[in-house]
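Colleague: I would like to see how this sequence folds:
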Amino acid sequence: MSDPIYDERYARPGLYWGSKPTGLARDLVRIARSLPRRPRTLVDLGSGEGRDAIYFGRQGYRVLGVDISSVGVRKAEQRASRLGVNARFLVGDIRTYRLRAPVDVVFSSGVLNNLPRRIRAARFEHFKTSTVPGGINAMNADVPKPYIPPSTTNPHASPFRSGELLGYYGDWQILDSGQVEFVSHSGGVPHRKAMDVVIARRPEANA
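Modeller: Presented below is the predicted three-dimensional model:
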C-alpha cells in the first residue's frame, strides 16, 4: 500500500512540509504539561516525513507514526535514526487503519480531509474509543473560505464544514478549539489556508 501522490512529493530532495513542528503539535505539548497525568503514548496519523512525530519523540513521548506513503515512512525512519529519536513508523491509510490498543494521544495534522464524508463519523468514533480515559485527541482539518482559492491537487481530499470537526467531540472536554488562517510553504509554493482546530480530552472513567 502506498499513494503515488505523496510518494512523488516525499521523493523530492529536502522535506516537503519542512522540519519545524506544526502549531498543533506545539499546542498539544504545552497543554499536556498542565494535565494531572501527562500523556506518554501517541499515534500520529498522517505522519508524512515525521516532523511532528520526531518532535513528540524529543519531548519524551512513545510515538508511532502512520502514513500512507512508504516513501514518507522510510524518510521519517531515516531522519529519526539520524537524529537519535526513538519513534516508530509504519505504512497505513487513515481511512482504514485501526489502532490495536488504546493510547494516550491520537494526533492528526493536515490529513483528515482525506476522510470521505460517508465514513467520518465511524472513523472519529474509532479514534475516540482508541483513546484511554483522560487521554487526548488533537486534530485539525482544512475548511473552505470564499476568499482563499482551493490549492489542493489531492483527488481524495474534501474540506470539512466550519465547525464540523468540533461537532465530533461534543461529549468530550474541549481543551482548545478555533480556526486559524496562515500561509503554508509546503512544496516551496506559499499559499493561504484556513483550518479548524480541536484539542479534546476524553472524560475519566469515573467522571
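
Colleague: Got the phi and psi for the most centrally placed residue in the chain?
Modeller: By CA atoms, centre = their mean, the chain has its centre lying nearest to Ser108, at 1.4 Å. Main-chain dihedrals, Ser108, degrees, to the nearest 10: phi -150, psi 120.

Colleague: That one: what's it in contact with?
Modeller: Ser108 makes contact with 44-46, 94, 138-140 under the criterion CB atoms under 8 Å, 6 or more residues apart in numbering. (C-beta placed from N, C-alpha, C; glycine too.)

Colleague: please redo it, this time with the cut-off set to 6 Å
Modeller: With contacts defined as CB atoms under 6 Å, 6 or more residues apart in numbering, Ser108 is in contact with 45-46, 139.

Colleague: Point out where this protein drops to low pLDDT.
Modeller: Where the chain drops to pLDDT under 70, the residues are 1, 151-156, 185-188, 206-207.

Colleague: Bridged to the residue nearest to the centre of the chain, which residues?
Modeller: Judged by DSSP bridges, the bridge partners of Ser108 are Met139.

Colleague: distance of it from Gln78?
Modeller: Distance of Ser108 to Gln78, given as CB to CB, to the nearest Å: 23 Å.

Colleague: can you check Leu45 too?
Modeller: 20 Å.

Colleague: ok, those two, which is more surrounded?
Modeller: When Leu45 and Gln78 are compared for neighbours, Leu45 comes out ahead with 24 against 13, by other CB atoms under 10 Å.

Colleague: List the contacts of Val132.
Modeller: 102, 104 are the contacts of Val132 under CB under 6 Å, 6+ apart.

Colleague: Same question for the helix or strand that contains it: list its buried residues.
Modeller: Using DSSP states H and E, Val132 sits within strand 131-142. Within strand 131-142, the residues that count as buried by 16 or more other CB atoms under 10 Å are 131-132, 134-142.

Colleague: Show me which of those is closest to Pro116.
Modeller: For these, the minimum distance to Pro116 (CB to CB) is 13.1 Å, reached by Ala141.

Colleague: ranges for the strands of this structure?
Modeller: Using DSSP state E, the strands of the chain run over 41-45, 62-67, 87-91, 103-108, 131-142, 173-184, 191-201.

Colleague: Tabulate the ones you listed (TSV), appending distance to Pro21.
Modeller: Converted to TSV, the strands of the chain look like this (distance: least, CB to CB, whole Å):
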stretch	distance to Pro21
strand 41-45	11
strand 62-67	12
strand 87-91	13
strand 103-108	11
strand 131-142	12
strand 173-184	14
strand 191-201	14
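
Colleague: So for Leu24, which of the ones you listed sits nearest?
Modeller: Nearest to Leu24, of all these, is strand 131-142, at 5.3 Å by CB to CB.

Colleague: relative to strand 41-45, how tilted is that closest one?
Modeller: 30 degrees (axes from the mean of the first three to the mean of the last three CA atoms, to 10 degrees).

Colleague: Brilliant, that's me finished.
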